[in-house]
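Undergrad: Predicted model and sequence follow; I will ask about them next.
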Amino acid sequence: MVTLLLPIARRRLPLAAPGTSTLRVRYPDGHGILRQVLNEATQRGFAIDDLSTEHVTPGHGSQEDGEPAMVAVTMHVHGKRPVTELASALTELDLVEAVIATDRQHADD
C-alpha cells in the first residue's frame, strides 16, 4: 500500500526550495563592476540573500607596483538554475578577475 501511495504523495508535495550557494567575485575597485555583477545575477533569476565586500591588497601589500586596488565580494545566492551557470556568466564580465562558486548544500556534506 505504501509503495502505491508514495508516487502520488511525491507529485503533490511542493518542489524542494533550491539551496543557497556562495559566490566570491574578485575585481578591480572603482569601475562599477559590482553593479554589473548584481544585474547579471538578478537577470538570470537569482536572489541575493547576503552580500559583503572587502578590499584585497594587490601584489605584495602595496599599490606602488601599479596594480589597482582589488575588491572581493561574497554573495549568498539562490535560484532555480545551477550556480555554476551564473559563475560562468560572471567570468565573462570585463575586468572580473576571478569567480569562485560553492554550493552550500554540498559543502556541508
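TA: Alright, I've got the coordinates. Numbers count the residues shown, from 1 in each chain.

Undergrad: Point out where this protein drops to low pLDDT.
TA: In the predicted model, the chain carries pLDDT under 70 at residues 1-18, 58-65, 104-109.

Undergrad: what's the closest non-adjacent residue to the residue most central in space within it?
TA: In the chain, the C-alpha closest to the average C-alpha coordinate belongs to residue 23, at a distance of 3.0 Å (C-alpha atoms, centre = their mean). Spatially, and ignoring its direct neighbours in sequence, residue 23 is nearest to residue 75 (4.8 Å; C-beta to C-beta, 6 or more residues apart in numbering). No exception for glycine: its C-beta is placed from N, CA and C like everyone else's.

Undergrad: Kindly report the same for residue 77.
TA: If the residues on either side of it in the chain are set aside, residue 77 comes closest to residue 46, at 4.6 Å by C-beta to C-beta, 6+ apart.

Undergrad: May I see the buried residues of the strand or helix carrying residue 41?
TA: With elements delineated by DSSP states H and E, residue 41 resides in helix 33-43, which encompasses its position. Within helix 33-43, the residues that qualify as buried by neighbour count (16 or more other C-beta atoms under 10 Å) are 33, 34, 36, 37, 40, 41.

Undergrad: show me the contacts for the nearest residue to the third one once chain neighbours are set aside.
TA: Counting by C-beta to C-beta, 6+ apart, the nearest residue to residue 36 once its immediate chain neighbours are dropped is residue 93, at 5.5 Å. Taking C-beta atoms under 8 Å, 6 or more residues apart in numbering as the criterion, residue 93 is in contact with 27, 33, 36, 37, 40.

Undergrad: Check whether residue 93 sits in a helix, strand or coil.
TA: Per DSSP: H, G, I helix; E, B strand; the rest coil, the local secondary structure of residue 93 is coil.

Undergrad: ok, so what distance separates it from residue 20?
TA: When C-beta to C-beta, to the nearest Å is the yardstick, residue 93 and residue 20 sit 22 Å from each other.

Undergrad: for residue 27, same thing?
TA: For residue 27, the distance to residue 20 under the criterion C-beta to C-beta works out to 22 Å.
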